[in-house]
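Asks: Next input, structure requested:
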Amino acid sequence: MYSLVLFLALLFYFPVYFIRMKIRRKQRFYLKERLGLKLPSAKPGAPSLWIHAVSVGEVLSLRRLVSEVKARHPSWVIYFSTLTNSGYEVAAQTLPDVEELFFVPLDFGWVVRRFFATLRPRLFVLAESEFWPHLLRQAGRTCRSVILVNGRMSRRSYEKYRGWRRLVLPVLDQVDYFLVQTERDRNRLEAIGVPAQKVEVAGNLKAEVRLPDVTAEEKDRLRSALGLSSTKKVIIAGSTHRGEEALIIEAFAGARRIRPDLVMVIAPRHPERSPEVERVAVEAGLRVMRRTQAQQDKLWDVLILDTIGELPRFYALADLAFVGGSLIPHGGQNFLEPAYYGKPVCYGQHMENFASLSDDFIASGAARVVAGLEELEAVFSMKDEKELVEMGRKAKVLLRSLQGATARTLEVIESRIEEGGKD
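Replies: Numbering: from 1, shown residues only. As a prediction, the model looks like this:
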């Protein structure tokens, strides 16, 4: 029944997916890879693990774990899969220790079986909350152990899973061990019916941020390349979504009337939306430049970061960071990268994807929630720069105090890949 529903859903969604990916975004389908008609290469002999992450956020949260696994066990083979094209691109740029990077197979039994028959990993590692029935069942049959790392259970997922408990539990039973982010995640899994002995709070891997240091000289060179004088104050609006940019730009334009020395860098979550964002900024009467068209002698008020992988470096340049996906009910994007560089962080009210971390940062005075145009404009005006600097300092200190999840996760992976973990 599940396979039939999945097939019908795929037939219905395929035209939408085609328009979105092929026509609008000019991206490939990778259908052969997803159907197992073009399989990743196996590396037999050595212990191996298959790690699956959905998209960019999950990939970035696993960077340190992957590097630690390889540093301690250089002979182990790491296979890594993602669901989205953007996740694949980021993984290709940031995970040099992965032997094979590929797209996760479509969740049909015959497709999934081909992948596991080829790779035959000892361990299957699932990140956060990606529960595909055929994928997990075949992992349970093939691997010594299946573990969930950095697991989380949002309120919406909890209510949905609780209502469909009889269908959900057989899928979750394929997971041998759950390493979750918070006590709330553990309580929700146990309430659904997952045995308490299979769940452990290990912390949040997203707090294990490790980014390149950006020196003062590097910041000066970047400013020079962008034509920015040392007196300009830089606001970064990172990972923004449709429905947010108009409000952000309007608030920025209002703040500039108070502080003409402000400039803004906007990084759309999907860079292919850059022309759309540019139109909004131009209509607001602002001078706009794209990163891919940057000219040292061009004056600009808004820079659109239409590249992939540069956002952390720009966060290091910022005087204030706003993190997107939070003014709309999307769940928020990762705000820990600006915190890593000691930058003051603000975001909207919709931070469900980072609820526990967000609560910690707000309670510690390390971040600020903004609701609506007036509050956003007031923060962008940067009236109290000393307070913002203190927010950034607190953010960096708190982030360091939250780290430790990688060490515990690595311990569990080592024990399960060597000894097996089936109950």
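Asks: so where do the helices sit in the stretch 101-250 of the chain?
Replies: 109-119, 133-142, 155-163, 165-172, 183-192, 216-226, 245-258 (DSSP state H, counting those that start in this stretch).
Asks: helices or strands next to the third one in the packing?
Replies: Pointing back at helix 155-163 there. helix 183-192 (3 or more CB pairs under 8 Å, 6 or more residues apart in numbering; DSSP states H and E). The way it works is simple: take the backbone N, C-alpha and C, and place the C-beta from them, glycine included.
Asks: at 10 Å what do you get?
Replies: For helix 155-163, the helices and strands in contact under the criterion 3 or more CB pairs under 10 Å, 6 or more residues apart in numbering; DSSP states H and E are helix 165-172, helix 183-192.
Asks: distance between the ends of stretch 379-392?
Replies: Terminal residues of stretch 379-392 lie 14 Å apart, using CA to CA, to the nearest Å.
Asks: Now do that stretch: everything it contacts.
Replies: Outside stretch 379-392, the residues that touch it by CB atoms under 10 Å, 6 or more residues apart in numbering are 233, 235, 237, 248, 251-259, 261-262, 264, 318-322, 338-339, 341-346, 361, 364-370.
Asks: Spatially nearest residue to residue 301, not counting backbone neighbours?
Replies: residue 286 (4.3 Å; CB to CB, 6 or more residues apart in numbering).
Asks: residues contacting the one you found?
Replies: Here residue 286 is in contact with 249, 252, 253, 256, 263, 264, 278, 280, 300, 301, 302 (criterion: CB under 10 Å, 6+ apart).
Asks: Please tell me how far the closest residue to the third one other than its chain neighbours sits from residue 123.
Replies: Nearest non-adjacent residue to residue 253, counting by CB to CB, 6+ apart: residue 284, 5.0 Å away. Residue 284 sits 51 Å away from residue 123, taking CB to CB, to the nearest Å as the criterion.
Asks: Those two: which is more packed in?
Replies: residue 123 (25 against 17; other CB atoms under 10 Å).
Asks: Pairing partners for the more buried one in the sheet, please.
Replies: residue 49, residue 145 (DSSP bridges).
Asks: returning to that earlier point: from residue 315, how far out is the residue nearest to residue 253?
Replies: Counting by CB to CB, the separation of residue 284 from residue 315 is 24 Å.
Asks: One more: residue 38?
Replies: Counting by CB to CB, the gap from residue 38 to residue 315 is 37 Å.
Asks: From the centroid of the protein, which residue is nearest?
Replies: residue 57 (0.9 Å; CA atoms, centre = their mean).
Asks: Test my guess that it contacts residue 130.
Replies: No - taking contacts as CB atoms under 10 Å, residue 57 lies outside contact range of residue 130: 11.8 Å.
Asks: Which residue, other than its chain neighbours, is closest to the residue nearest to the centre of the chain?
Replies: residue 334 is the one closest to residue 57 (CB to CB, 6+ apart), at 5.6 Å.
Asks: Out of the contacts of stretch 379-392, which end up buried?
Replies: For the contacts of stretch 379-392, a burial check counting by 16 or more other CB atoms under 10 Å picks out 233, 235, 237, 248, 251-256, 262, 264, 318-322, 338-339, 341-346, 361, 366-370.
Asks: re the thing from before, next, the contact list for the residue nearest to residue 57, please.
Replies: With CB under 10 Å, 6+ apart, residue 334 has these contacts: 56-57, 60-61, 206, 209, 238-239, 311, 323, 325, 353-354, 357.
Asks: repeat that with 8 Å
Replies: By CB atoms under 8 Å, 6 or more residues apart in numbering, the contact list for residue 334 reads 57, 60, 61, 206, 239, 323, 354.
Asks: Which members of those define the maximum pairwise distance?
Replies: Farthest pair in those (CB to CB) is 61 and 323. Separation: 15.1 Å.
Asks: Which residue of these two possesses the greater neighbour count?
Replies: Between residue 61 and residue 323, residue 323 has the larger neighbour count (other CB under 10 Å), namely 27 against 24.
Asks: Roughly how far does the more buried one sit from residue 330?
Replies: 11 Å.
Asks: Could you do residue 78 as well?
Replies: 30 Å.
Asks: now residue 76
Replies: Remark: distance between residue 76 and residue 330 (CB to CB) = 36 Å.
Asks: Kindly report the same for residue 52.
Replies: 22 Å.
Asks: cool, residue 212 as well?
Replies: 28 Å.
Asks: When the two are compared, which one has more neighbours?
Replies: Taking neighbours as other CB under 10 Å, residue 212 and residue 330 compare with residue 330 leading, 20 against 9.
Asks: In three-state terms, label the more buried one for me.
Replies: Using DSSP: H, G, I helix; E, B strand; the rest coil, the three-state assignment for residue 330 comes out as coil.
Asks: contacting residues around it?
Replies: 241, 350.
Asks: How about residue 102?
Replies: So residue 102 contacts 33, 40, 79, 80, 81 (CB under 8 Å, 6+ apart).
Asks: Can you tell me who residue 262 pairs with across the strands?
Replies: Under the criterion used (DSSP bridges), residue 262 bridges to residue 233.
Asks: pretty sure it is touching residue 228, no?
Replies: No - contact status for residue 262 versus residue 228: not in contact, 11.5 Å apart, counting by CB atoms under 8 Å.
Asks: Let me see the domain layout of the chain.
Replies: 18-208+404-419, 216-401 (automatic domain parsing).
Asks: Which of those domains has the lowest mean pLDDT?
Replies: Across the domains of the chain, domain 18-208+404-419 has the smallest mean pLDDT, namely a mean of 90.
Asks: gap between residue 154 and residue 46?
Replies: Taking CB to CB, one finds residue 154 at 37 Å from residue 46.
Asks: Of those two, give the one with the bigger neighbour count.
Replies: Neighbours per residue (other CB under 10 Å) separate residue 154 from residue 46, with residue 154 holding more: 16 against 12.
Asks: Next one: that one from residue 349, what distance?
Replies: Counting by CB to CB - residue 154 and residue 349 are separated by 15 Å.
Asks: residue ranges of the strands in the stretch 1-150 of the chain, please?
Replies: Applying DSSP state E, counting those that start in this stretch to the stretch 1-150 of the chain gives strands spanning 48-53, 77-82, 100-103, 123-127, 145-151.
Asks: Let's see the fourth one as CSV, backbone CA atoms only.
Replies: Think strand 123-127. Only the C-alpha atoms of strand 123-127 are listed here, as CSV (Å, rounded to 0.1, in the frame of the first residue of the first chain):
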residue,chain,number,x,y,z
LEU,A,123,26.3,0.8,9.9
PHE,A,124,23.5,3.0,8.7
VAL,A,125,23.4,6.5,10.2
LEU,A,126,20.3,8.7,9.8
ALA,A,127,20.4,12.4,10.6
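Asks: Fine, thanks again, bye for now.
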